[in-house]
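Participant: Okay, sequence plus prediction incoming.
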There are 2 protein chains.
Amino acid sequence: MNQQQIIRLAVVDDDSGFVTVLAKRTDAAGWQQRTLSGAIPPEELVAMKLNALLIDPSVLGDEAWAYLERICGMLPDLGVIVCTGRSTVAQRVRGLRLGVDDWINKPCHPEEAIARIEAVSRRRRRARPQAEAGPVVAGELQIRADRFQAFVGEVSLDLTRREFELLQLLADAQGQVLEREAIYQRVWGYAMAHGDRSVDVFIRKLRQKLEKLSPSWGYIHTHFGVGYRFDPEPADGAALAPPAAAVDAAEAAMPSPPEAVPGGLTAA
Amino acid sequence: MNQQQIIRLAVVDDDSGFVTVLAKRTDAAGWQQRTLSGAIPPEELVAMKLNALLIDPSVLGDEAWAYLERICGMLPDLGVIVCTGRSTVAQRVRGLRLGVDDWINKPCHPEEAIARIEAVSRRRRRARPQAEAGPVVAGELQIRADRFQAFVGEVSLDLTRREFELLQLLADAQGQVLEREAIYQRVWGYAMAHGDRSVDVFIRKLRQKLEKLSPSWGYIHTHFGVGYRFDPEPADGAALAPPAAAVDAAEAAMPSPPEAVPGGLTAA
DNA sequence: CAGCCTGTAAAAAACCTGTGAACGCAGGAC
DNA sequence: GTCCTGCGTTCACAGGTTTTTTACAGGCTG
């Protein structure tokens, strides 16, 4: 029930003030937000695994309409919200017909923008209850949110609800270090009480189940005093290297191709 | 993209001018529109099989918020668009958070209202790609939607309407774990009330009837804390293994062909 | 070395599901 | 019109599972 989904939002807007305010607010909500400049090719948007795109077409110039059409046509799963300084009814109708999900005018209260982004994401998620919500893949691991099932290769992991949600969160943010508080907040849906060890216990359970199916893999790394990090890579030699510095070194090293995520660590 | 779909729209608004203009326009588009007065109970809205509801909460008086919450909570598949004379940011945010899909202010150009209703409906449209006529087959089980009958081999299962719809849903999504809420939503047509056990009871009835015809088959698997999964595979021997160690044994065991999902007996 | 943090295991508490039965309702039989 | 029957819903309790709590041992940091 709780499980507020992680929203990955991209913003295309040159109003830095608005963007900043928005970023502050989305950050607090645990979303991942990044700012894009100009017309990013649809392919790259796919790679970012976005849920929603907030876009001011004025920064695109003449190609705005064409771009919107292309985006909406190619990424039916992406929630697109247009935010313009001013617009006519005809423009809004044209945009909405084209596939835009919502169209708002500035000045727009950030809170309302957030609420509309949420509304669009919610709708979008409901629209495909179990169709093919692309499985999240992390190395050998495959997570199908729609089925509540995780697979290592072909074998199904037998996870309980909490275990599954935790693994999903970790895999979704693979490569990032997640703080305990943040993990708890997202999986349990409310703030962690002082002294609560639930996260640790469930991490252990996950490790056990993962190791049983693919021994010698260190999927889940501990960051002392901080939290945990999930990494599909066999932690190249890290397990063999001196335990102390190895982790940090590895972290700083690889830019991890697909999942750069500039906005950084979640809810710091 | 702009696949013409028949939209069933209901309007709750006392601005007869607006309603009339809208009606003329929706009529031309081939939609079905009806005007409602006041707060129609959710159950009746279900019966109308609406796609979208355009509502001016001012005609509801004090109960507006409660009604919106009830509607949005019970009918997550219904697109709800609120249309108010004026509204504050706080009100709009509250509404959107509550589950309202879009919120527009009057005066609103009918064309834009239409476009927004379309946009909201579009998202929900992709939900059900099925509607196939051919019999669904799952192992020995055969389901003929057209005849409202299910067979195990040659023998006909004698199912009631609810039982049949539940079985159909499960078989349709075989291999997937379906959440209770989702099951209820799709079989009963509205959201499950807290504490409702109907789904469990009907699962039991189905199991009884299925077992009577093909004993020792574990068609329907329970996923503790989540829901149920239907699988035509006889759950390879897991049912025969000692209950305690069964999970461990199966888990450590072998990879299975493509989709067999061996270990998945959660609650054997 | 002291202090804090995490891994682990097991007990305790909370929660969920299976099940049988009672209840109310609606349609059909008489 | 009244009775009967089948269906769907609700309730309560037993039995199991999962989640949380607790305690202790072992590591990491400074």
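Facilitator: Great, that's in hand.
Participant: okay, CA-based contacts and neighbour counts for the rest of this
Facilitator: Noted.
Participant: What helix or strand is the residue in the stretch 151-268 of chain A that DNA strand C sits nearest to located in?
Facilitator: The minimum distance from the stretch 151-268 of chain A to DNA strand C, using Cα to the nearest atom of the strand, falls at A:Gly225 (3.6 Å). Using DSSP states H and E, A:Gly225 is not contained in any helix or strand.
Participant: That one: neighbour count?
Facilitator: By other Cα atoms under 10 Å in any protein chain shown, the residues close to A:Gly225 number 8.
Participant: Next one: it relative to A:Val177, how far apart?
Facilitator: A:Gly225 sits 11 Å away from A:Val177, taking Cα to Cα, to the nearest Å as the criterion.
Participant: Now for A:Val100, how many residues are close by?
Facilitator: What A:Val100 shows, counting by other Cα under 10 Å, is a neighbour count of 24.
Participant: Would you check that A:Trp217 makes contact with A:Arg207?
Facilitator: No. Taking Cα atoms under 8 Å as the definition, A:Trp217 is not a contact partner of A:Arg207, at 9.3 Å.
Participant: which residues are in contact with both of the two?
Facilitator: With contacts taken as Cα atoms under 8 Å, 6 or more residues apart in numbering or on different chains, A:Trp217 and A:Arg207 have no neighbour in common.
Participant: before we move on, back to that, and the gap between the residue of the stretch 151-268 of chain A closest to DNA strand C and A:Glu181?
Facilitator: In this structure, A:Gly225 lies at 12 Å from A:Glu181, with Cα to Cα as the measure.
Participant: joint contacts of the two?
Facilitator: With Cα under 8 Å, 6+ apart applied, the contact sets of A:Gly225 and A:Glu181 do not overlap.
Participant: Surely A:Leu213 and A:Phe151 touch.
Facilitator: No. Counting by Cα under 8 Å, no contact exists between A:Leu213 and A:Phe151, whose distance comes to 9.7 Å.
Participant: Which element, helix or strand, includes A:Ala64?
Facilitator: Counting by DSSP H and E, the secondary-structure element that holds A:Ala64 is helix A:64-74.
Participant: ok, now A:Thr20?
Facilitator: Under the assignment given by DSSP H and E, the secondary-structure element containing A:Thr20 is helix A:16-28.
Participant: On the C-terminal side of the helix holding A:Ala64, identify the next helix or strand.
Facilitator: Beyond helix A:64-74 on the C-terminal side, the first helix or strand identified by DSSP H and E is strand A:79-84.
Participant: From the contact counts, what lies against that following strand?
Facilitator: strand A:52-55, strand A:102-105, helix A:110-127 (3 or more Cα pairs under 8 Å, 6 or more residues apart in numbering or on different chains; DSSP states H and E).
Participant: so it versus helix B:110-125, what angle?
Facilitator: 160 degrees (axes from the mean of the first three to the mean of the last three Cα atoms, to 10 degrees).
Participant: What mean pLDDT does strand A:79-84 get?
Facilitator: Here the mean pLDDT over strand A:79-84 is 95, rounded to a whole number.
Participant: Tally up the residues packed near A:Thr26, please.
Facilitator: Using other Cα under 10 Å as the criterion, A:Thr26 is surrounded by 20 other residues.
Participant: Mind checking what secondary structure A:Asp146 has?
Facilitator: Local secondary structure at A:Asp146 is given as coil here, using DSSP: H, G, I helix; E, B strand; the rest coil.
Participant: And for it, the neighbour number?
Facilitator: The tally of other residues near A:Asp146 (other Cα under 10 Å) stands at 18.
Participant: Over to the one 10 residues further on?
Facilitator: By other Cα under 10 Å, the residues close to A:Ser156 number 23.
Participant: Against B:Gln176, how distant is it?
Facilitator: Taking Cα to Cα as the criterion, A:Ser156 is separated from B:Gln176 by 12 Å.
Participant: and if you look at A:Arg204?
Facilitator: For A:Arg204, the distance to B:Gln176 - Cα to Cα - is 27 Å.
Participant: Tell me, please, where in the stretch 151-268 of chain A the pLDDT is lower than the cut-off.
Facilitator: Under the criterion of pLDDT under 70, the regions of the stretch 151-268 of chain A flagged as low confidence span A:216, A:233-268.
Participant: quick one, strands of it?
Facilitator: Taking DSSP state E, counting those that start in this stretch to define them, one finds strands in the stretch 151-268 of chain A at A:155-157, A:177-179, A:220-223, A:227-230.
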